[in-house]
Each structure stands twice: as C-alpha cells, then as structure tokens.
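Colleague: for reference, the sequence and a predicted model appear below.
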Amino acid sequence: MELPLILLVLGMVVLGAIAQRVAGLGFAMLVSPFLVLALGAHQGVFLVNICGVVSSAIIVPRVWKDIDWSMFRWLCSFSVVGSVAGALLAGGLPQAPLSIVVGSTVLAALLLSLILVRANVTVTGQVPKAGAGFLSGLTNALAGVGGPAVSAYAVLARWPQRPFAATLQPFFVVTGAVTVAMKFITAPDQLPPLPGWAWIAVAVFIGGGVLIGEQVQRVVTDRHARFFVLCFAFFGAVTALVSGLRAL
C-alpha cells in the first residue's frame with residue numbers, strides 16, 4: 001500500500017477516534033464510507049472493525065464507573081449472533097454491492113436519527129434490547145456500522161446519554177472482536193495489506209485521537225459534535241453509495 005493512502009487512513013482514524021470519545025459513538029459512521037472508498041468495500045469494513053475494537057478498548061477504562069453491565073450483557077448476547085451472521089453474509093458479497101450496503105446503512109442510520117429526535121415513543125421490555133443487539137452485530141459485520149441500532153434503542157428507551165455512551169464501549173469491543181475473529185476465519189484475504197509499522201501507527205493514532213477527543217469534549221457540546229459527525233458521515237455515505245452503483 002502506498003504511503004499517501006496510509007496517511008489518509010491514519011488521518012481518518014484520528015477523526016474517528018475523536019468522534020468516538022466525544023459522542024460515545026461515531027467512529028464507524030464517520031470513517032467507514034471513506035475507508036470503503038479508499039481501500040475497497042471488504043478491506044475498508046475489515047479495517048473499521050479492527051479500529052473500532054481498539055478505540056473502544058482504549059476508552060473503556062475511562063468510562064468504567066458509568067457502564068451499565070446488565071444492559072451490556074443483554075445487548076451482547078444477541079449482537080454476537082448478528083456478528084456471526086453478518087460476517088458470513090459479507091464474505092459472499094462482491095465489492096460493488098457491499099459498497100452499496102455500507103452507503104445505504106449509514107444513510108438509513110442518519111435518517112433514523114433525524115426521525116427519532118422528534119419521536120414521542122417509549123419502548124420497554126427485553127425484546128427491543130435483543131433486536132437492537134442483533135441488528136447492531138449484523139450491521140457492524142456487514143458495513144462496519146454497529147452504533148445506529150443501539151442508538152435508536154437508547155432514544156426510544158429513554159436511556160440517559162452518560163451510561164449509554166459508556167456501555168457502548170465494552171459492547172463495541174465484544175461485538176467487534178467477534179466480527180474480526182469471524183472474518184479472519186472465513187476471509188483472511190480481506191485484511192488490508194498495511195505494513196507492520198502502519199498497524200502500529202494506527203493504534204498510536206487511535207490513542208492520540210482519544211486523548212484529543214477528551215480535550216475537545218470539554219469545549220464542544222454533544223449536540224455540536226453529533227452535528228459534525230452526521231454531516232461528515234452523510235457526505236461519505238452518499239459518495240460510497242454512488243461509487244457502488246457506478247461500479248455495478
């Protein structure tokens with residue numbers, strides 16, 4: 001892989017890590033469409049899955065006291081099933097259809113977030129939790145985007161932002177780890193061909209992005225951070241969708 005492309009990947013990784021630390025989610029939604037355009041659908045989603053695990057693992061100790069472990073166990077129980085199913089489906093999709101899946105998933109998530117802001121509906125019980133967990137695992141494996149399903153559940157269940165954002169971090173670690181393991185087993189050739197130093201740089205840049213995000217969090221409101229993530233993600237999603245449609 002050429003150096004300019006590696007630098008582009010590192011830049012996107014930093015932005016994603018900042019968004020993840022400030023808003024609790026956003027790494028995949030922000031980064032996935034652009035990495036799919038830069039690396040191709042399979043390699044781009046695979047890299048997003050790996051980076052998502054690393055970024056959330058770095059954040060977990062910093063939000064430990066706010067994690068709702070009961071909610072975490074419920075969501076993870078079903079996200080694992082969705083991750084396995086999604087990894088198997090993704091391995092059989094050609095590049096162009098998978099690019100369309102990524103772009104469509106992110107666009108649907110953006111639309112859903114706009115609708116739910118105005119929704120006056122409250123959900124309760126275990127079935128919505130199970131559905132959110134399964135869909136999150138499925139979309140994470142297919143498109144690298146697992147946050148929208150649980151985010152939608154959080155809005156409808158009136159789950160407070162602080163424990164929600166904290167609980168998502170170990171949830172993303174487990175869901176992403178299962179997805180990455182399945183892809184290593186079923187399609188190891190889809191791993192991006194980064195040199196060894198670049199993999200180390202990815203981890204370092206994610207850590208740096210998390211630290212920058214902690215400073216940004218002090219001066220930027222959640223509303224402004226999410227607005228930036230949504231705008232950037234919308235542009236990337238439309239581009240990935242158009243690219244996939246043209247490739248067909």
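Modeller: Received, thanks. Numbers count the residues shown, from 1 in each chain.

Colleague: what's the helix or strand for the residue positioned nearest the centre of the chain?
Modeller: Closest to where the C-alpha atoms of the chain average out (Cα atoms, centre = their mean) is residue 28, at 2.9 Å. Using DSSP states H and E, residue 28 sits in helix 27-39.

Colleague: how about the helix or strand just after that helix: buried residues?
Modeller: Moving toward the C-terminus from helix 27-39, the next helix or strand (DSSP H and E) is helix 41-63. Neighbour-count burial for helix 41-63 flags 41-59, 63 (criterion: 16 or more other Cβ atoms under 10 Å). No exception for glycine: its C-beta is placed from N, CA and C like everyone else's.

Colleague: where do the helices sit along this protein?
Modeller: Assigned by DSSP state H, the chain shows helices spanning 3-23, 27-39, 41-63, 69-91, 95-117, 126-143, 147-156, 161-186, 196-219, 222-247.

Colleague: of those, flag the one that's most buried.
Modeller: The highest average neighbour count among the helices of the chain, using mean count of other Cβ atoms under 10 Å, belongs to helix 27-39 at a mean of 28.

Colleague: same for it, what does it pack against?
Modeller: helix 3-23, helix 41-63, helix 95-117, helix 147-156, helix 222-247 (3 or more Cβ pairs under 8 Å, 6 or more residues apart in numbering; DSSP states H and E).

Colleague: may I see these arranged in CSV, with mean pLDDT and distance to residue 33 as well?
Modeller: Output for the helices and strands packed on helix 27-39, formatted as CSV (pLDDT from 0 to 100; distance: least, Cβ to Cβ, whole Å):
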stretch, mean pLDDT, distance to residue 33
helix 3-23, 86, 10
helix 41-63, 88, 8
helix 95-117, 73, 6
helix 147-156, 78, 13
helix 222-247, 69, 3
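
Colleague: and of those, who's closest to residue 189?
Modeller: Residue 189 lies closest to helix 41-63 among these, at 8.6 Å (Cβ to Cβ).

Colleague: okay, the angle between the closest one and helix 95-117?
Modeller: Going by axes from the mean of the first three to the mean of the last three Cα atoms, to 10 degrees, helix 41-63 is angled at 40 degrees with respect to helix 95-117.
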